[in-house]
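Here is a sequence with its predicted model. Questions after.
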Amino acid sequence: MNSKESRQKRIKWFTDARFGMFIHWGLYAIPARESRSEWIRSVDKVTDEEYQRYFDTFNPTDYNPKEWAKLAKEAGMKYAVLTTKHHDGFCLFDSKYTDFKSTNTPCKRDLVKEYVEAFRAEGIKVGFYYSLLDWHHPDYPAFNDAHHPMRGNENYKHYGEHFERYIEYMHNQVKELMTNYGKIDILWFDFHYDDMTGEKWEASKLIKMVREINPDVIIDDRLGGDIRAEEKPLYVGDFGSPEQMIPSLGLTDYKGNPIPWETCMTLNNNWGYSQKDENYKNARNVINMLVQCVSKGGNLILNVGPDARGNIPKKSVEILKEVGEWMKLNGECVYNCTFSGIEKHEFGRITKSDNAFYLYIQDHSGEHIAIYGIPDKIKCATLLCDGSKLSMADPWNVDSYRVEGKTAHYVATPPYSQLNGNGNVIKLWIEK
Ligand code: GLC
């Protein structure tokens, strides 16, 4: 269960898939706050009573997860993770342990169930985000807690006195999620802080229960512990989860062996829906980040924040569709690929599969591209987007400018008319 081999086996599909969709959705889509949308309760110290009006009016009549799933597929995403419960404690699923759930709002639907069915039908792996923090549950600490909306409020001193009851509640809900929706592919806990970490969550017991139900589910590293350590408790999880950043050298254990990881990234500046946040990355930025993650042995899970009616914002849809167009032609350099072992070149990132190197070209500097440090023999070079051959003859004009002590492979620049604004990929076929 915790051996290196079993970890490697269950994570394989994930490191092949490379690209996923994160979905942050909940009551916070109604206030649609500009900054830190899903944190509104904490940031503005919103009381339960004030927040209740969002619960009383939550009715996403446009919710059609089949469309979300189609969009994810079109974008080239192979898995998805939905917030089944965020820090506000609101459950998008029909939990028998709380009334604070979507089935009790005017919407009356088990949103998780519909999501699971829709994404599975599109062949997309299904993941659940589950918040360890819970700002609705009276057994979750409030007064002395760093994040609770009622922190410092004397009236909430008794909150958390029976934390063991919250633990039972949380374990029960995770069990429901693992039992009632068929085989779940990813479990994404969020997050540990201060002394709220590891066994404080009774994490070993929790993971044992999860793995008994579903031995293959892969789990992130946010229950606590150090994923880079060699000997780690069961609860440390299967992959690292850098947030809003791509680690400059990827992720390794302390001996330098690569560890699976996934950067989670927002498309604008917010996870949950934020009406005024127009600070979107464009398709080129997204592709760049995706290839960058793969070139460092990691994944990218890109977020969308559907609005209170259940629609993914138009701008997000546009960007994902454009990314999808690129992926259709160039996705081969992403799926089943990883770091190349070759230093980064000026033209852009390099990824590698079992039988090819892929050069993601963003900057062109004349008639050819020079690549240094390829250990293998190269059979030929092609342009990935149309399969056309690119010359690998040594150019006449480089002789006076060779880099001393380094052997270069040269590939002709694709015809400029074919150069795609979102970047081209050159495939170097390894001779076996
Ligand atoms: C965080 C935030 C959160 C978001 C998440 C995504 O830790 O608390 O709002 O859901 O990370 O990675």
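Nice, I can see it. Numbering: from 1, shown residues only.

how near is the spatially most central residue of the chain to residue 230?
Nearest to the mean C-alpha position of the chain, by Cα atoms, centre = their mean, lies residue 301 at 2.3 Å. From residue 301 over to residue 230 the distance is 26 Å, taken as Cβ to Cβ, to the nearest Å. In short, each C-beta sits where N, CA and C put it, glycine included.

before we move on, back to that, now do the same for the residue nearest to the centre of the chain: helix, strand or coil?
The assignment at residue 301 comes out as strand when based on DSSP: H, G, I helix; E, B strand; the rest coil.

Who are the contact partners of it?
19-22, 79, 81, 262-265 (Cβ atoms under 8 Å, 6 or more residues apart in numbering).

Let me see the contact set for residue 38.
Taking Cβ under 8 Å, 6+ apart, we find residue 38 in contact with 24, 26, 28, 83, 86-88, 271-272.

Also residue 112?
Residues near residue 112 by Cβ under 8 Å, 6+ apart: 82, 84, 92-93, 128, 177, 181.

The same query, at a cut-off of 6 Å, please.
84, 92-93 (Cβ atoms under 6 Å, 6 or more residues apart in numbering).

Could you list which of those also contact the ligand?
With Cβ under 6 Å from any ligand atom as the criterion, the contacts of residue 112 include none near the ligand.

Do a quick rundown of the strands in the stretch 1-150 of the chain.
Ranges of strands in the stretch 1-150 of the chain, per DSSP state E, counting those that start in this stretch, are 19-23, 79-85, 125-131.

I'd like to know which of the ones you listed is closest to residue 104.
Among these, strand 79-85 comes nearest to residue 104, with 14.0 Å by Cβ to Cβ.

List of residues touching that closest one?
Strand 79-85 has contacts (Cβ under 6 Å, 6+ apart) with 17, 20-25, 72, 91-93, 112, 115, 119, 124-125, 127-131, 177, 186, 188.

For that strand, list the C-alpha coordinates in PDB.
Taking Å, rounded to 0.1, in the frame of the first residue of the first chain, the C-alpha atoms of strand 79-85 are listed here in PDB:
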ATOM      1  CA  TYR A  79      -8.900  14.200 -15.500                       C
ATOM      2  CA  ALA A  80     -10.900  16.600 -13.300                       C
ATOM      3  CA  VAL A  81     -11.100  17.500  -9.600                       C
ATOM      4  CA  LEU A  82     -14.200  19.100  -8.200                       C
ATOM      5  CA  THR A  83     -14.600  20.800  -4.800                       C
ATOM      6  CA  THR A  84     -17.100  18.500  -3.100                       C
ATOM      7  CA  LYS A  85     -16.700  20.600   0.100                       C
END
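
Compute the inter-axis angle for that strand and strand 19-23.
20 degrees (axes from the mean of the first three to the mean of the last three Cα atoms, to 10 degrees).
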